[in-house]
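[1] Here is my input; please provide its structure:
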Amino acid sequence: MKYFNRTIAESIRKLIPFFRVIVVTGARQVGKTTLCKKIFPEYEYVNLESGMTREMIANEPQNFIDNVSQGVIIDEAHRLPELFSYIQLDVDEHPDKRYILTGSSNFAMLEQITQSLAGRAALFTLPPLSIQEMYEQVKDMQTNELLFHGLYPASFSDNMPTEYLYSNYYNTYIERDLHQLINVKNLSLFQLFIRLCAGRVGAECNYSALASETGVSAPTLREWMSILEASYILYKLPPYYSNISKRLVKTPKVYFFDTGILCFLLGIENPNQLATHPLRGAIFENLVVMEFVKSRLNEGKLPNLFFYRDSRGTEIDLVETEANNLHFYEIKSSQTFNGKFFDNIKKVSKLFDDRVTKTAVIYDGKDTLPSVKDGIYNFRVFPYNE
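    Sure thing, here's the model as predicted:
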């Protein structure tokens, strides 16, 4: 796969002197292997996706560990969980050795790291490409083309048409990986569920309504949702409340990690169809929200992002926390700025006194007008990493 300069690489390089194990998770085909080989070209490489390789190491794990010299990249490390205890002993005895572990299953990786490598491993999540990473390639793309195209590396490095790329991705990886994680007895019901999620992008997740439409129980749908989230297909944005505990029990909004997959699930077959699509605004919002998420992940940090909605329906699309301070963002797919875009921001800001230290409207227009507090930004040039 063609290599694209990834922002997360610098974050990994900063921590490698302090952690003996680096764990890189992320969806399939986001470039985990390519990234790790680029950062650590001198390290050995093994792929546990290969049944033969996995069996050889499983038969003689200590021999494999003993033959690691400076460091090793182990792809799909969660497929051989018994290896983790050997890695733990080895890094304790040999502090100069490094293990780079990658995996596309967040559930499996985190469970094993918690049990065997706690305190020894630094965790990173590699998202799809960001607008900033691909700015030269996307700066002149029409917005509908970018939304349809998505930001998976293969959509820029391969010649496969976009519609076939995501169809193949869905059929090959999403359904296959999920079969390994949960027992989906009726695949058609799962397919209906994930498409219903796509139809609710940017909306609060109502399990009761989804259960009614699919005929699947709400607890089962929650499990499926968790698997999609752990597989980096879906992202749940929690609501913001001053009482932190309430963030855990209120309904989150649902987004997809990439708009290319989202468009595929919505049956959008070319960029022109987005012009009149009823969910075009929600798809654009998805793109912007995920750019904020990617920025945090690329820094090796957890997202500090929420949305705000009160009982009267007044909403702030995105709330970013910074210690006790709040940043409010409104996301508009319009190409023309309207002063009313700031109405909700002004209304809600009054409830938080001086805690709101930055506000901005991020829209699809050409004009950008930054200021000390309030700003108007074209989504391509907004400084997501600030």
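[2] Pretty sure Val23 sits in a strand.
    Yes. The assignment for Val23 (DSSP: H, G, I helix; E, B strand; the rest coil) places it in a strand.
[3] wouldn't it be in contact with Thr125 here?
    No. Applying Cβ atoms under 8 Å, one finds Val23 not in contact with Thr125, separated by 9.3 Å. Glycine gets a C-beta too; all of them are placed from N, C-alpha and C.
[4] For the stretch 101-250 of the chain, which segments count as strands?
    121-125, 234-237 (DSSP state E, counting those that start in this stretch).
[5] chain center to the longest one: distance?
    Taking Cα atoms, centre = their mean, to the nearest Å, one finds the center of strand 121-125 at 14 Å from the center of the full chain.
[6] Neighbouring strands - and their directions - for it?
    Strand pairing for strand 121-125, using DSSP bridges, gives strand 21-25 (parallel).
[7] Tell me the gap between the strand it pairs with and the middle of its chain.
    How far strand 21-25 lies from its chain's middle: 16 Å, per Cα atoms, centre = their mean.
[8] Over to stretch 44-51?
    24 Å.
[9] what's the answer for stretch 151-160, then?
    17 Å.
[10] Give me the residues contacting it.
    By Cβ atoms under 8 Å, 6 or more residues apart in numbering, the residues outside stretch 151-160 that reach it are 1-2, 4, 29-31, 34, 128-131, 134, 137, 149, 162, 165, 168-169, 258-260.
[11] cool, and stretch 126-140?
    Stretch 126-140 is contacted from outside by 4-8, 24-27, 30-32, 35, 146, 150-153, 156, 232, 257-258, 290-291, 293-295, 297-298, 379-380, 384-385, using Cβ under 8 Å, 6+ apart.
[12] same thing with stretch 73-92?
    With Cβ under 8 Å, 6+ apart, stretch 73-92 has contacts from 20-21, 23, 32-33, 36-37, 40, 43-49, 54, 57-58, 61-62, 64-65, 68, 97, 99-105, 108-109, 112-113, 115-117, 120.
[13] Which members of those residues occur in helices, if any?
    Among those, the members falling in helices (DSSP state H) are 32-33, 36-37, 54, 57-58, 61-62, 64-65, 108-109, 112-113, 115-116.
[14] Show me what the lengthiest helix in the chain is packed up against.
    Once the chain is assigned using DSSP H, the helix that runs over the most residues is helix 280-298. When contacts are defined as 3 or more Cβ pairs under 8 Å, 6 or more residues apart in numbering; DSSP states H and E, helix 280-298 packs onto helix 8-15, helix 143-149, strand 234-237, strand 253-256, helix 259-265, strand 305-309, strand 315-322, strand 325-332.
[15] at 7 Å instead, please
    Packed against helix 280-298 by the contact rule (3 or more Cβ pairs under 7 Å, 6 or more residues apart in numbering; DSSP states H and E) you find helix 143-149, strand 234-237, strand 253-256, helix 259-265, strand 315-322.
[16] these two touch, right, His277 and Asn270?
    No. Using Cβ atoms under 7 Å, His277 is not in contact with Asn270; the gap is 11.1 Å.
[17] In terms of packing, which of the two has more residues around it?
    The residue with more neighbours, out of His277 and Asn270, is His277; 17 against 13, by other Cβ atoms under 10 Å.
[18] Make sure Asn144 is actually in contact with His277.
    No. The pair Asn144 and His277 fails to qualify as a contact (Cβ under 7 Å) at a distance of 9.0 Å.
[19] Which strand residues bridge Lys253?
    Legend: beta-bridge partners of Lys253 under DSSP bridges are Glu204, Leu237.
[20] Which one of the strands of the stretch 101-250 of the chain has the poorest average confidence?
    Mean pLDDT across the strands of the stretch 101-250 of the chain is lowest at strand 121-125; the value there is a mean of 93.
[21] got the CA coordinates for that one in PDB?
    These are the backbone C-alpha positions of strand 121-125, laid out as PDB (Å, rounded to 0.1, in the frame of the first residue of the first chain):
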ATOM      1  CA  ALA A 121       2.100  -0.700  26.700                       C
ATOM      2  CA  ALA A 122       1.200   2.500  25.000                       C
ATOM      3  CA  LEU A 123      -2.100   2.300  23.100                       C
ATOM      4  CA  PHE A 124      -2.800   4.100  19.800                       C
ATOM      5  CA  THR A 125      -5.800   4.000  17.500                       C
END
